[in-house]
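Student: sharing a sequence plus its predicted fold:
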Amino acid sequence: NAGVTQTPKFQVLKTGQSMTLQCAQDMNHEYMSWYRQDPGMGLRLIHYSVGAGITDQGEVPNGYNVSRSTTEDFPLRLLSAAPSQTSVYFCASSYRTGSGNTIYFGEGSWLTVV
Amino acid sequence: AQSVTQLDSHVSVSEGTPVLLRCNYSSSYSPSLFWYVQHPNKGLQLLLKYTSAATLVKGINGFEAEFKKSETSFHLTKPSAHMSDAAEYFCVVSPSGNTPLVFGKGTRLSVIA
């Protein structure tokens, strides 16, 4: 049981480049989500999914794209990187939210856009 | 709508003294509540969770939290702070119905020797 695997851990991008942050879980979780963490702002929800083929926007979706073709994977795509997207990104998953189900987090991805 | 308010952005305590990190929540349904800790440049680690089984919840590293429905609070406490407790702490609400998690903005705990 590997939990939530998030890659890469560190990445430097140039403005305008695109990239994909990978998130995979092996716990058959329905719920998966992406957050960005910025100083003094806590974790803000980018996109989330409640099952394969179902995604929805969170608080700060602009500039990001997601898909959920399988239960296991929930990649986050930066379409054209901007310095404002410099942040730490976390993927989280849970069997379902509520009902006391534990939320599992990836180790984080530190992204710098120059 | 769900919301979480962590009442202090920064708490500073001396080593060996009690810790109190405050969290108030707003939720239309009976939520699950969590406290997570994040050490510098690390991921989030689960400290404890409330799932309606018991109002006083014990977690790892000597932390505990009490769910008070009448006060809509879920404050985190520890009797005696240790230097290794210095970190960022997040209160999280997990609403029912497979809806998104709601995070507090975090409380940074400093422990002074």
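Tutor: Structure received.
Student: and the residue in chain B positioned nearest to chain A, how many neighbours does it have?
Tutor: Per C-beta to the nearest C-beta, residue B:51 is where chain B lies closest to chain A, at 2.9 Å. Quick note: C-beta positions are derived from backbone N, CA and C, even for glycine. Neighbour count of residue B:51, defined by other C-beta atoms under 10 Å in any protein chain shown: 18.
Student: who's in contact with it?
Tutor: Counting by C-beta atoms under 8 Å, 6 or more residues apart in numbering or on different chains, residue B:51 makes contact with A:99, A:100, B:32.
Student: which one of those is nearest to residue A:9?
Tutor: Set against residue A:9, the nearest of the contacts of residue B:51 by C-beta to C-beta is residue B:32 (28.8 Å).
Student: surely that closest one meets residue A:95?
Tutor: No. In this structure, residue B:32 is not within contact of residue A:95 by C-beta atoms under 8 Å, at 11.6 Å.
Student: give the contact list for residue A:36.
Tutor: The neighbourhood of residue A:36, defined by C-beta under 8 Å, 6+ apart, consists of A:43, A:44, A:46, A:60, A:85, A:87, A:88, A:89, A:90.
Student: on that earlier part again, model confidence score at the residue of chain B closest to chain A, please.
Tutor: Reported pLDDT at residue B:51 in the predicted model: 81.
Student: same thing with the one 4 residues further on?
Tutor: Residue B:55 is assigned 88 on the pLDDT scale.
Student: quick one: buried ones out of the contacts of residue B:51?
Tutor: Neighbour counting by 16 or more other C-beta atoms under 10 Å in any protein chain shown classes A:99, B:32 among those as buried.
Student: between the contacts of residue B:51, which is nearest residue B:44?
Tutor: Among these, residue B:32 lies closest to residue B:44 (C-beta to C-beta), at 15.6 Å.
Student: what about the nearest residue to the closest one once chain neighbours are set aside, neighbour count?
Tutor: Spatial nearest neighbour of residue B:32, excluding adjacent residues (C-beta to C-beta, 6 or more residues apart in numbering or on different chains): residue B:94 at 4.2 Å. Residues within reach of residue B:94, counting by other C-beta under 10 Å, total 28.
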